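*Asks:* from the sequence below, what's the structure:
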Amino acid sequence: GFNSDGFNLGTDGGVNASGGTYVSYNFLGNNTTGSSNTDGTITSTVSANTTAGFSIVKFTGTGANATVGHGLSSAPSMMIVKGLSFVDNWCVFHSSLGGGKKLKLNTTGAEIASSSAWNNTSPTSSVFSVADDGETNNNGSAMIAYCFAEKQGYSKFGSYTGNGNADGTFVYTGFKPAFVMVKNVNSGAQGWLMFDDERSPFNVANKFMVANLSQAEASTSTHTMDFLSNGFKIRGTDDGVNGSGNTIIYMAFAEQPLVGDNPATAR
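*Replies:* Just a heads-up that it's a prediction; the model follows:
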């Protein structure tokens, strides 16, 4: 159950094995039932938190060119879409790649050129586009989309170029991150790596999970970064975080959100 101050757990080992240690990443929507949204050619049901730039969108696929309302009032920088009633991939849009490419959250696959996932169109402030790709718009199927719009002082989505060196790229976010997920989009062998300040409260942040795998938490000297007051700096040399010459996309969320037109970080 989802409550105003947390959530309830059952007995399943995936969430509550006796003695197990867990991490959870939680995003606040608007309500538990959602509201009808007719901004797109497909009517969607949307629970949107415009302050945090997060919405949950449910719609029925058509298998043809269409638009779907997301309710955020600003263009999403990242979207994760999944069919609910059939087995298929978790399809990902990222603003650094644009509307002509997709990724798959459940695989290590590199970026894929696709005109059908997002109809070669980046999202607008009101809708995102889909075409005849079954991963994003399967005809007659219930689809769910998690949409993230960048908010100054709270979230940041972008990319950097790896250098393969322990003195890696510094990525400016404008806040101290609490959570960072990265993916090397040029490599078909690198997973979606997740770092956070709960499991790594001090630099270097060297404990990571892999979103596309069922493996336990890992910690190596080659998969590391520092969480700094205004961004993060890559310290590891592994291709997953720092492949030389490779493009690596990221999503980051703040430790102390300062949402607004002129947020300031502590000195």
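*Asks:* mind listing the helices for the stretch 51-200 of the chain?
*Replies:* In the stretch 51-200 of the chain, the helices defined using DSSP state H, counting those that start in this stretch lie at 134-137.
*Asks:* SS state for Ile249?
*Replies:* Assigned by DSSP: H, G, I helix; E, B strand; the rest coil, the conformation of Ile249 is strand.
*Asks:* would you check that it makes contact with Lys156?
*Replies:* No: judged on Cβ atoms under 8 Å, Ile249 makes no contact with Lys156 at a distance of 11.4 Å. No exception for glycine: its C-beta is placed from N, CA and C like everyone else's.
*Asks:* contacts only, for Leu103.
*Replies:* Residues near Leu103 by Cβ atoms under 8 Å, 6 or more residues apart in numbering: 91-92, 94, 97, 109, 111-112, 183, 185, 249.
*Asks:* that one bridge partners, please.
*Replies:* For Leu103, the beta-bridge partners are Val92 (DSSP bridges).
*Asks:* for the helix or strand of the chain with the lowest mean pLDDT, which outside residues touch it?
*Replies:* Using mean pLDDT, DSSP states H and E, strand 2-3 stands out as the lowest-scoring helix or strand of the chain, at a mean of 86. The contact list for strand 2-3 (Cβ under 8 Å, 6+ apart) reads Thr32.
*Asks:* next SSE downstream of that strand?
*Replies:* strand 6-7 (DSSP states H and E).
*Asks:* buried residues in stretch 141-150?
*Replies:* 141, 143, 145-150 (16 or more other Cβ atoms under 10 Å).
*Asks:* how about stretch 161-168?
*Replies:* Applying 16+ other Cβ under 10 Å to stretch 161-168 flags 162-163, 168 as buried.
*Asks:* of those, closest to Lys104?
*Replies:* Nearest to Lys104 out of the buried residues of stretch 161-168 is Gly162 (Cβ to Cβ; 20.6 Å).
*Asks:* wait, what's in contact with that closest one?
*Replies:* Gly162 neighbours (Cβ under 8 Å, 6+ apart): 168-169, 184, 234, 239, 241-248.
*Asks:* kindly recompute the last result at 7 Å.
*Replies:* 169, 242-246, 248 (Cβ atoms under 7 Å, 6 or more residues apart in numbering).
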